[in-house]
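Colleague: Mind looking at a prediction? Sequence and model below.
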Amino acid sequence: MSDWKFEADPNSKSYSLTYKGDEVAIADCLPEIIVNGQSIKPDQSWTMGTGENEIRWALESKWEISLSLVAEGRKLSLATNWKNLSGESVSVDWLNPLSGGELISTIRFDRILNNGKDMVGFSSLYDVANNYESYSVVGLTDSQGNNALTAGFTRLETAFYTFITDFKAEGRHTLTCRCDREGIELSAEDSLEISPLVLEAGSSLAGLMRSYAESVAAILGKRNPGKAPAGWCSWYYYYDTLTEKDLYDNMDALQEMKDELQVDFVQIDDGWNLESKTSEKVWGDWHAGGLFPGGMKKAADDIKARDFVPGLWLAPFSVDKVSQFAKENPHLLVKDEETGEPKDYWGTYGLDLSHPGSIEFLKETFTRVFDEWGFEYIKIDFLIHAIFPGDRYDNSKTTAQLFREGITAIREVAKDRYMLGCGSAMGPAIGLFDGMRIGYDVSSRWYVPMGDWPLGNCNIKTSAVQHVWRYWMHETWWQNDPDCLLVRDYAPEPEFENFRRHAPDYVDSPAYGLTENEASCWAQMVWMTGGLAMIGENMKELEGPRLDLLKSSLPVHTGKVRWFDHYGDPHQPVLVSEEGPLMIGVFNLTDDDMELELDSTNLGLGEEWNFTERLSGEKFFGKGVSVRFPTLPARSGKIWILQE
């Protein structure tokens, strides 16, 4: 039995979808084809036929489009097939199964959840007030958390899919759902079926997002690597200046407190292939540089000898201009469409994954990393360089398809070793990675605006926002990586130098070093959400209360948590546990005090309750239907544990 119904209008050639009568409706929807920038939609020149749960549109000697619907309970799935009847190949930009549908609802959806295309595509909950573009899935909810609607594509290995929502001031809201075909030709008489589009309605946005993630994982798979890695990463203290001595000093310190921290991994980040600390980057040349004179096999062996799992950072889809690889293999790089020369992306070239030689290069590189050097964990970064536009050796596949083929080649060599993605496309990576960075970089700074980034970059606040609003991916697509655990109240010289090079306008301000509240907020969030936990500190220097805070954050909590369906300020999220004693994580990422009052029945509480804060031991108790939490200062987080 379905709560969804559809209706076709032979006059306008459109179709409409309704949920539970008139609770939610998407009206006057049309399929749309965009060819060479020109929109083609059914009109009076098209024929339209309908059958049980099916609509077929046809334009003589041009196009045939079929749409079939499967409805069950709260879910509705729309599958579309597009056939080229023109007698010649056609370059297709977009195929849109639902274009310009008017969203009509008796529910006031005043929050929208947007998902980015990749790690750097900002993901957050927003107040509904504008136009939005979301990738793979979009969610709507009311701020009280009583009603929600999601729309998502499920075959994310085939292409990149987007949702355009337009919330107009006069109250007319529209939704367009699109498949990016990237100008790939569809031959005469050929047809193409794109990913099904799935709509689901319900009371809980948190529940609907998990349902969507599970639907995708059922198709693309999910790896089961066991406990999420906890360990040490060199980047956020040393950046690209790490030496062998720095590595050994930190491992010595980690060994002394290994039982307390329960960390197992040591990961060497970027810089290991540099000849010196001042050398230009040579991504593409994945061999040990002067900072590791003993070579990478020795480094991996030394890490193992100290009873840690050795990990290594690479950017396998990125090639620097001054690298030997770029000089010797220009044919393996994505080209500029006009000049035919390797295309520059932020000063770096992208590996052309459509070329067999690139796949062979990846296999050779990772055979060396895993089988010759002995690393058991890799973090592969800047993977988005492979999906940027450009001319490729084979232009018959989408960049999503090529991306998946490139990652698959690495996975075939890695076998069951742990693979962490970073700077990665999301959709086509599902089922291949064990872990995934899902937010921006951290640093020892709470907030840095940094130009065009929606909430800045290289700061704790921005990473926390991303981490919360992409939490629904965790343990369904992969293990989420929130980025490194930082708790220090100062900045080391390599951090200053990193900002001088990459963000010179923000070298001097805002302030460096996390306050006690800021450090605790990030540590509490990383602990509660239970993903990867990699320390980004100099373990020889860290001491006192900040070391104690770090120790209190490991090992991380491993039980399931979810958003509490209460969507006030998106920068004041509330998380609740689903297993074990009730825990309520309240996080205030704003610069104002936070007042929070929740319904006790929605929390599953009885007539009386008694909570203790996880770190401070602070207590509060009460009774009745309203739970009023203690005022939470700006830039802080607390986890309240229900006492039996």
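Modeller: Yes, it's here.
Colleague: Tell me where the stretch 101-250 of the chain has helices.
Modeller: Shown for the stretch 101-250 of the chain, the helices assigned by DSSP state H, counting those that start in this stretch span residues 205-220, 235-238, 244-256.
Colleague: Can you say which of the ones you listed is nearest to Gly585?
Modeller: helix 205-220 (13.4 Å; Cβ to Cβ). Where C-beta positions appear, they are placed from N, C-alpha and C, glycine not excepted.
Colleague: Would you mark the buried spots in the closest one?
Modeller: For helix 205-220, burial by neighbour count (16 or more other Cβ atoms under 10 Å) applies to 205-213, 215-217, 220.
Colleague: What is the nearest of the residues you listed to Tyr237?
Modeller: Closest approach to Tyr237 among those (Cβ to Cβ): Ala213, at 33.7 Å.
Colleague: For the closest one, which non-adjacent residue is spatially closest?
Modeller: Closest residue to Ala213 apart from its sequence neighbours, by Cβ to Cβ, 6 or more residues apart in numbering: Thr476 at 4.1 Å.
Colleague: Distance check, the one you found against Ile380.
Modeller: 21 Å (Cβ to Cβ, to the nearest Å).
Colleague: and the two? which has more neighbours close in?
Modeller: Ile380 (26 against 19; other Cβ atoms under 10 Å).
Colleague: Ok, which of the helices of the stretch 101-250 of the chain comes nearest Met436?
Modeller: From these, taking Cβ to Cβ, the stretch that ends up closest is helix 205-220, at 12.3 Å.
Colleague: other SSEs contacting that closest one?
Modeller: With contacts taken as 3 or more Cβ pairs under 8 Å, 6 or more residues apart in numbering; DSSP states H and E, helix 205-220 sits against strand 111-114, strand 137-141, strand 148-153, strand 197-202, strand 561-563.
Colleague: I'd assumed Lys227 was in contact with Leu532.
Modeller: No: in this structure, Leu532 is not within contact of Lys227 by Cβ atoms under 8 Å, at 10.2 Å.
Colleague: Kindly list the longest strand within the chain.
Modeller: strand 90-105 (DSSP state E).
Colleague: Which elements pack onto that strand?
Modeller: For strand 90-105, the packing partners by 3+ Cβ pairs under 8 Å, 6+ apart are strand 24-35, strand 75-84, strand 173-186.
Colleague: Pipe the helices and strands packed on helix 205-220 into TSV and attach mean neighbour count, distance to Val574 and mean pLDDT per row.
Modeller: As requested, those are exported to TSV (neighbours: other Cβ atoms under 10 Å; distance: least, Cβ to Cβ, whole Å; pLDDT from 0 to 100):
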stretch	mean neighbour count	distance to Val574	mean pLDDT
strand 111-114	22	14	97
strand 137-141	26	14	98
strand 148-153	25	16	98
strand 197-202	22	19	98
strand 561-563	20	7	97
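Colleague: mind putting these in a markdown table, distance to Lys619 included?
Modeller: A markdown table is the format used below for the helices and strands packed on helix 205-220 (distance: least, Cβ to Cβ, whole Å):
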| stretch | distance to Lys619 |
| --- | --- |
| strand 111-114 | 32 |
| strand 137-141 | 32 |
| strand 148-153 | 34 |
| strand 197-202 | 35 |
| strand 561-563 | 22 |
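Colleague: Which one of these lies nearest to Ser12?
Modeller: Using Cβ to Cβ, the nearest of those to Ser12 is strand 197-202, at 20.3 Å.
Colleague: So what are the sheet partners of that closest one and their directions?
Modeller: strand 75-84 (antiparallel), strand 148-153 (antiparallel) (DSSP bridges).
Colleague: Check the average confidence over the longest one, would you?
Modeller: So that's strand 75-84. Averaging pLDDT along strand 75-84 gives 98.
Colleague: quick revisit: let's have the strands paired with strand 197-202 in JSON lines, adding distance to Phe292.
Modeller: Formatted as JSON lines, the strands paired with strand 197-202 follow (distance: least, Cβ to Cβ, whole Å):
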{"stretch": "strand 75-84", "distance to Phe292": "52"}
{"stretch": "strand 148-153", "distance to Phe292": "44"}
